[in-house]
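Peer 1: Give me the fold of what follows.
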Amino acid sequence: MPQSVAAGAYCPHCGLPVEANPGPAPTRCPHCRLLIGPGRALSEPSGEPGTKGAAAGVLSRQARRDSTDEVAAEDDVLDAICRVADDLGTRPERLLMVDYQQRADSDVELPPLRAVFAHFRSWKRARRVAADRAADDRGAG
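Peer 2: Residues are numbered from 1 along each chain as shown. Sure thing, here's the model as predicted:
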């Protein structure tokens with residue numbers, strides 16, 4: 001977890017941890033990149049369905065607009081999705097984009113979201129391809 005991020009304050013948009021003591025000015029969430037107004041951070045993560053989905057649109061638009069030339073190989077993207085899903089104890093087809101982004105923010109080995117969109121054009125398609133490949137790998141093993 002980056003040093004500026006600590007438990008105790010959570011983004012009201014994505015539900016992920018943010019600065020423990022956000023100041024009187026708006027704070028930008030390091031995960032979903034949305035602004036959190038003064039006093040709007042949550043003391044515990046929201047359990048409301050769709051909370052992380054609110055940030056997914058922002059993340060996908062940013063990833064699509066990212067014009068960085070370097071893009072990871074398709075196999076590396078699929079491996080990363082499967083690895084993060086496995087680490088979080090979920091199946092690749094159930095992995096949330098926000099959870100992947102949070103992990104990619106702190107793990108330089110993981111391809112960024114722009115690579116996912118460069119190869120698959122959507123998060124759902126990338127998860128589906130990763131899940132199908134993982135199933136094929138299990139069947140071949």
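Peer 1: Contacts only, for F120.
Peer 2: 77, 126, 129 (C-beta atoms under 8 Å, 6 or more residues apart in numbering). To be clear about C-beta, it is placed using only N, CA and C from the backbone, and glycine gets the same treatment.
Peer 1: May I see those organised as JSON lines, with neighbour count added?
Peer 2: Shown next, in JSON lines, are these (neighbours: other C-beta atoms under 10 Å):
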{"residue": "V77", "neighbour count": "24"}
{"residue": "A126", "neighbour count": "25"}
{"residue": "V129", "neighbour count": "18"}
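Peer 1: what does the longest helix anywhere in the chain rub up against?
Peer 2: What stands out as the longest helix in the chain, according to DSSP state H, is helix 123-140. Applying C-beta under 8 Å, 6+ apart, the external contacts of helix 123-140 come out as 56, 60, 77-78, 81-82, 85, 91-95, 97, 113, 116-117, 119-120.
Peer 1: could you redo the last one with a cut-off of 6 Å?
Peer 2: Contact with helix 123-140 is made by 78, 81-82, 92-93, 95, 97, 116, 120, as judged by C-beta atoms under 6 Å, 6 or more residues apart in numbering.
Peer 1: Of those residues - the most surrounded one?
Peer 2: Counting neighbours by other C-beta atoms under 10 Å, V116 comes out on top of those with 29 neighbours.
Peer 1: nearest residue to that residue other than its sequence neighbours?
Peer 2: A126 (4.8 Å; C-beta to C-beta, 6 or more residues apart in numbering).
Peer 1: same thing with E74?
Peer 2: H119 (4.6 Å).
Peer 1: The one you found: neighbour count?
Peer 2: Residues near H119, counting by other C-beta under 10 Å: 19.
Peer 1: All the helices of this structure, residue numbers only.
Peer 2: Secondary structure of the chain by DSSP H: the helices cover 51-65, 74-88, 97-106, 113-120, 123-140.
Peer 1: tell me the mean pLDDT over the last one?
Peer 2: Right, helix 123-140. Here helix 123-140 scores 89 as its mean pLDDT.
Peer 1: can you check the first one too?
Peer 2: Per-region confidence: helix 51-65 scores 65 on mean pLDDT.
Peer 1: Let's have the helices of the chain in JSON lines, adding distance to E19.
Peer 2: Shown next, in JSON lines, are the helices of the chain (distance: least, C-beta to C-beta, whole Å):
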{"stretch": "helix 51-65", "distance to E19": "17"}
{"stretch": "helix 74-88", "distance to E19": "23"}
{"stretch": "helix 97-106", "distance to E19": "14"}
{"stretch": "helix 113-120", "distance to E19": "22"}
{"stretch": "helix 123-140", "distance to E19": "27"}
